[in-house]
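In: sequence? don't have it. structure:
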């Protein structure tokens with residue numbers, strides 16, 4: 001990747017650290033404790049962009065894809081342990097977290113309300129739905145499997 005300046009490189013490293021490295025380290029540190037519990041859960045948040053990347057956010061999309069892979073692998077590894085591994089896959093969510101970057105990218109879609117993500121997450125966890133697709137991500141996952149090139153062009157323009 002060719003960085004325009006040092007700040008851009010720092011932003012990419014920070015994004016990788018926040019979205020991928022830190023959750024993996026935290027999980028590994030907590031696993032011994034969680035394995036001793038009668039029941040436990042790990043909830044990882046990925047993104048609909050793990051299915052179809054947005055070319056303007058390659059690092060973000062890559063970290064979310066990597067977290068999706070990590071979560072699936074961890075779920076398989078721990079299948080005989082009393083730990084449930086959930087993946088929450090929301091679309092863009094209307095929070096202050098990404099406001100500055102959203103404006104910088106020129107995105108006008110503020111996304112869905114956090115309350116909707118919370119409700120769908122809790123509903124899914126209640127019935128042990130380990131991959132919780134929120135809102136329009138359900139259609140995005142379907143399209144990514146059956147119309148990958150077309151949905152990529154829709155997300156990114158031609």
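Out: That came through, no problem. Here the structure is a predicted model, which is why all the values come from computation and not from measurement.
In: For the chain, which segments are assigned as strands?
Out: Under the criterion DSSP state E, the chain carries strands at the ranges 40-45, 83-89, 131-133.
In: so what strands line up beside the shortest one?
Out: When pairs are called by DSSP bridges, strand 131-133 turns out to pair with strand 83-89 (parallel).
In: Just list the residues touching residue 137, thanks.
Out: Going by C-beta atoms under 8 Å, 6 or more residues apart in numbering, residue 137 touches 48, 51, 89-91. The way it works is simple: take the backbone N, C-alpha and C, and place the C-beta from them, glycine included.
In: Residue 147 too?
Out: So residue 147 contacts nothing (C-beta under 8 Å, 6+ apart).
In: so how far is residue 61 from it?
Out: Distance of residue 147 to residue 61, computed by C-beta to C-beta, to the nearest Å: 18 Å.
In: For the contacts of residue 137, give me CSV that also has distance to residue 69.
Out: Formatted as CSV, the contacts of residue 137 follow (distance: C-beta to C-beta, whole Å):
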residue, distance to residue 69
48, 15
51, 12
89, 13
90, 18
91, 20
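In: And the furthest pair within the residues you listed?
Out: Across these, no pair lies farther apart than 51 and 90, at 12.1 Å, counting by C-beta to C-beta.
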